[in-house]
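Student: Curious how this folds, go ahead:
(2 chains)
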Amino acid sequence: MRSLLLAVLAAYVVAAIHSVLAFVNKRKALQRVSDWAMAAGFVLHLTALIADWVIDGHYPLFYLRETLSFLAWTLVGSYALVRYRYGALALGSFTLPLVTILVFMAIIVKSTSDATLESSGFSASWLFPVHTTLLLFAYAAFFVVFVASVMYLLQERELKLKTFTAIFHRLPSLTTVNEIATSAAAIGLALLTVGIATGMVWSSSRDGLLWHNDPKEIFALLTWLLYFLLIVYRSTARWRGRSAAWMGVLGFALVLCTFFGARFMGGYHVFG
Amino acid sequence: MSIVLVGVNHKTAPVEVRELLAFSEQACAEGLRTLVDGEVLREGLIVSTCNRVEILTAASSERLKEGRERITDFLSESRSLPREVLGEHLYSHTEDQAVRHVFRVASSLDSMVVGEPQVLGQVRRAYSIALEAGTAGRVLNRLIHQAFRVAKRVRSETGIAANAVSISYMAVELGKKIFGSLKGQSVLLLGAGEMAELSARHLINAGVSRVLIANRTGDSSERLAKEFGGEAVSFDRLADYLPEADIVVCSTGAGEYVVTAAMAHEALNRRRNRPAFFIDISVPRNLDPAIGQLPNAFVFDIDDLESVVSSNIREREREAERAELIVDSEVMQFQQSLRVMDIGPAIGALRRRLQDMARSEMARQRNRLGPLTPEQESAIEQLLISTVNKISHPLMDRMRRSYDVDADNLQAWREIFDLDDPPHNK
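Tutor: Below is the predicted model of the structure:
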């Protein structure tokens, strides 16, 4: 629903601006505005997704614009979770602007492919929506790992080099961001695993093959491997610090390739 | 009544002059009783701290200059300081400027270290001395109470006191940046010394649960261990205890590195890489700076701690700008409430209202009186005015007395007579 999505965009814009301002100025009043705007946006967004599902008749995660919108929603949800558990406000200043851009793109993007949901024969199985939803939540979790890793690297740099800029005073502690990155990586990997698995099952029920060697699948596998290694690496010591943070940053590059892989490189995963 | 403030602070007078002017609590009480005469100076309060000596008074508005001279004379005589010397360092503020100054001082904006917490308690103490001496009246009561409110607003709405500006507290602040919460952490104290012990004290208050103390001389270890509720450990076995310490505070007077990079490396491995935070307060340094190159190890020597302090001070100054805006708005509010508070204008307005009524009645009935000579005209007017005054005099007397009982009664009088009120806050 286009008009509803515009309202969602407006709410997210307000939330994003106030989140950045609150980060820079450290004012609680600004943070409150951001929180309320974000909550409003989140609820409206959920309504929009459900409305789309009902009106269009298919689960709202197929076309590019739907994917962008859904991804934005999962990012907001992930940020809310991290806020609830860790209270790390700085995450919002990175996340909310991105969310705004995604929703904006979702509004202006037009579907270029002729393929419709029905003609691709996806509407029958419930596995496909589960597959895509799980993967999107996995991407959101990996984004959290990415931001937490960036914050870790920035904060550690300040401490090591003994420079104390405005950044130093506003980022959360190393331990906090490290925990966020660790938990988010574990959750992300779990979601990714089940997501890939459901994809395989669904695919096999459709054309008998578990694997197609297409770019998206390959990138997904690489992503899985990297985060698996990251978790193993972290668990072999009490603390991994900088190296793990860099892996978190690198991993996100792979996530981006996975997400956009089909669009730019063709293959089995091109739908609409 | 007008507010007059005269004094010196750390910006206008060096400590040698400030110490000559300082008042003990006893001297404050005696001085106030001498200074406040009830005519020129109606109320008074003396604030005497290491940063400032200031005398705050409520003076008769017509004799403001005289009041200021009185205060200066009082300072010069009671502290035996010649006026020329005093004049170089003294500043004075009246009305709005005085109110702003009082608010700024109470909010620690005028202190040597912006955001320091002691000044509010000092102002409180000065106020209670004035109350005991009987020299705090309705003007200063209102001013000081509002000053407390402003200070509270500034502290809670700005980050002016958020970051530490003392080196010994840096251990806690940096520790929190690394470990998040300090609860359950362990600290190893190497050596002794005031700053190291103060740091350890702050760390314990912040939740550190285990304190290990190692000293070359056994007895100071024992003493500190008892004081902090920790364990004294042998200095020779330092390498064994190092892995257990999340935070190491070093203040030994050794000539070489007490903890080398190699030792730290070993300890970090045994800690399975968990971060370690080293603070080196000794000069020359007793912790090898190369430790800082190791992954997850952070070393801060005394210069590094100073630069964090400077950075925090800069943050405070940024917050201070916001605090000044809060003070500005509070000053405006206070001036409005003061205007309403003053009975003089109210009585004047009432008298004018009644006299205007008399004159307008005279004008209305004038034709019925027929032709009058100028003397007769003026006599009739005098008659009217003096009648009105005679009626209203006991009334105004009552007003004054009820105002003396409770200044808030003035509001009721203003409402009864519907006197033009400037907007005020109640």
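Student: Leaving aside the residues adjacent along the chain, what's closest to B:Arg270?
Tutor: B:Pro243 (3.9 Å; C-beta to C-beta, 6 or more residues apart in numbering or on different chains). For the C-beta atoms, the positions are set from N, CA and C on the backbone; glycine is no exception.
Student: tell me the secondary structure for the one you found?
Tutor: Under DSSP: H, G, I helix; E, B strand; the rest coil, B:Pro243 falls in the helix class.
Student: For it, give its distance to A:Phe219.
Tutor: Going from B:Pro243 to A:Phe219 by C-beta to C-beta, to the nearest Å gives 42 Å.
Student: which residues are in contact with the host helix or strand of A:Leu102?
Tutor: Assigning secondary structure by DSSP states H and E places A:Leu102 in helix A:90-108. If you take C-beta atoms under 8 Å, 6 or more residues apart in numbering or on different chains as the criterion, helix A:90-108 is touched by A:2, A:5-6, A:8-9, A:12-13, A:15-16, A:19-20, A:22-23, A:34, A:38, A:45, A:65-66, A:68-69, A:71-72, A:75-76, A:78-79, A:82-83, A:143-144, A:147-148, A:150-151, A:170-172, A:180.
Student: Quick check: which helices or strands does the next helix or strand after that helix pack against?
Tutor: Proceeding N to C from helix A:90-108, the next assigned helix or strand is helix A:127-161, under DSSP H and E. Contacts defined by 3 or more C-beta pairs under 8 Å, 6 or more residues apart in numbering or on different chains; DSSP states H and E place helix A:127-161 against helix A:64-86, helix A:90-108, helix A:166-170, helix A:174-207, helix A:215-235, helix A:242-265, helix B:167-179.
Student: one step back: quick one, which of B:Pro243 and A:Phe219 is more surrounded?
Tutor: Per other C-beta atoms under 10 Å in any protein chain shown, whichever of B:Pro243 and A:Phe219 has more neighbours is A:Phe219, with 20 against 16.
Student: Leaving out sequence neighbours, find the closest residue to the more buried one.
Tutor: Closest to A:Phe219 by C-beta to C-beta, 6+ apart is A:Thr258, at 4.0 Å.
Student: Does that neighbour touch A:Ala220 like I think?
Tutor: Yes: contact criterion C-beta atoms under 8 Å: A:Thr258 and A:Ala220 qualify, at 4.9 Å.
Student: check contacts around the residue nearest to B:Arg270.
Tutor: B:266-268, B:270-271.
Student: So which residues on the stretch 1-150 of chain A come close to chain B?
Tutor: A:Lys26 (C-beta under 8 Å from any C-beta of the partner chain).
Student: For chain B, give me its nearest residue in the stretch 1-150 of chain A.
Tutor: A:Lys26 (5.7 Å; C-beta to the nearest C-beta).
Student: Quick check: phi and psi at that residue.
Tutor: For A:Lys26, the backbone dihedrals (degrees, to the nearest 10) come out as phi 60, psi 40.
Student: What sits closest to it if chain neighbours are left out?
Tutor: Closest to A:Lys26 by C-beta to C-beta, 6+ apart is B:Gly159, at 5.7 Å.
Student: Who are the packing partners of whichever strand or helix holds B:His93?
Tutor: Secondary structure from DSSP H and E places B:His93 in strand B:91-94. Applying 3+ C-beta pairs under 8 Å, 6+ apart, one finds that strand B:91-94 contacts strand B:2-9, helix B:64-78.
Student: Which one, of those, ends up nearest to chain A?
Tutor: Nearest to chain A, of those and by C-beta to the nearest C-beta, is strand B:2-9 at 28.8 Å.
Student: Domain-wise, how is chain B divided?
Tutor: Domain segmentation of chain B under automatic domain parsing yields B:2-157, B:167-309, B:343-416.
Student: State the pLDDT value of A:Ala184.
Tutor: A:Ala184 carries a pLDDT value of 93.
Student: Compute the number of surrounding residues for it.
Tutor: 25.
Student: can you tell me how far the nearest residue to it once chain neighbours are set aside sits from A:Ala88?
Tutor: The shortest distance from A:Ala184 to any non-neighbouring residue, by C-beta to C-beta, 6+ apart, is to A:Val144 (4.1 Å). From A:Val144 across to A:Ala88, the span is 10 Å (C-beta to C-beta).
Student: Same drill for the two, tell me which one is more crowded.
Tutor: A:Val144 (28 against 21).
Student: Quick check: the gap between that one and A:Thr163.
Tutor: For A:Val144, the distance to A:Thr163 - C-beta to C-beta - is 26 Å.
Student: quick revisit: what would the helices and strands packed on helix A:127-161 look like in JSON lines with distance to B:Glu361?
Tutor: Below are the helices and strands packed on helix A:127-161 laid out as JSON lines (distance: least, C-beta to C-beta, whole Å):
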{"stretch": "helix A:64-86", "distance to B:Glu361": "73"}
{"stretch": "helix A:90-108", "distance to B:Glu361": "72"}
{"stretch": "helix A:166-170", "distance to B:Glu361": "71"}
{"stretch": "helix A:174-207", "distance to B:Glu361": "80"}
{"stretch": "helix A:215-235", "distance to B:Glu361": "95"}
{"stretch": "helix A:242-265", "distance to B:Glu361": "89"}
{"stretch": "helix B:167-179", "distance to B:Glu361": "74"}
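Student: Thanks again, I'm all set now.
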